[in-house]
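>>> The following comprises the amino acid sequence and a computationally predicted model.
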Amino acid sequence: MKAVIQRVKNASVKIDGVAYSCIEKGMLILFCVEKGDTQDKLEWMVKKILSLRIFEDENNKMNKSIIDVNGDILVVSQFTLAADCKKGTRPSFDNAEAPDTANDMYEKFVKKLSDSTLNVRTGVFAAMMEVSLCNDGPVTFVLTQ
């Protein structure tokens, strides 16, 4: 399981050129499920994301979590994070979970984030999306579990 977390001033998703969802200050999360990922890994990922102190406090120190700042979250599925680029020039996606299983885990991930009462928006699983963001910092983290 992998997640790329970007602290954003705003972010949005368009599908077929039409606005689908958008958020203000918060996190854009690119989320990937890999073969062998479990419910325990998902629980760890959600807990870690909600508690990561990546937002600035009154002293300009990264000391506040997404919950502390009541930020928004935009979750976009991105199986390409499972790519293995070690050999050759064409990425291998053998590590990516099968679409049905990955979608189920993606939906559970979104539901658990939504249970936090934060504003959580999504893209559409397996859709071709245009993702726009204004990265705040830039501040970007990669989580693997």
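That came through, no problem.

>>> For this structure, just list every one of the helices.
39-51, 99-114 (DSSP state H).

>>> can you redo those as TSV with mean neighbour count, distance to residue 84 and mean pLDDT?
(Glycine included, C-beta is placed from N, CA and C.) Shown next, in TSV, are those (neighbours: other Cβ atoms under 10 Å; distance: least, Cβ to Cβ, whole Å; pLDDT from 0 to 100):
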stretch	mean neighbour count	distance to residue 84	mean pLDDT
helix 39-51	15	19	97
helix 99-114	17	16	97
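
>>> For the chain, which strand extends over the most residues?
strand 129-144 (DSSP state E).

>>> from the chain's centre, how far out does it sit?
With Cα atoms, centre = their mean, to the nearest Å as the basis, strand 129-144 stands 9 Å off its chain's centre.

>>> Also stretch 122-129?
For stretch 122-129, the distance to the chain centre is 12 Å (Cα atoms, centre = their mean).

>>> Kindly report the same for stretch 138-145.
The answer for stretch 138-145 is 9 Å, by Cα atoms, centre = their mean.

>>> can you name the farthest residue from the center of this protein?
residue 88 (28.0 Å; Cα atoms, centre = their mean).

>>> how near is that residue to residue 79?
19 Å (Cβ to Cβ, to the nearest Å).

>>> With residue 14 instead?
Residue 14 is 19 Å from residue 79, by Cβ to Cβ.

>>> ok, these two, which is more surrounded?
When residue 14 and residue 79 are compared for neighbours, residue 79 comes out ahead with 20 against 16, by other Cβ atoms under 10 Å.

>>> Nice, that's everything, thank you.
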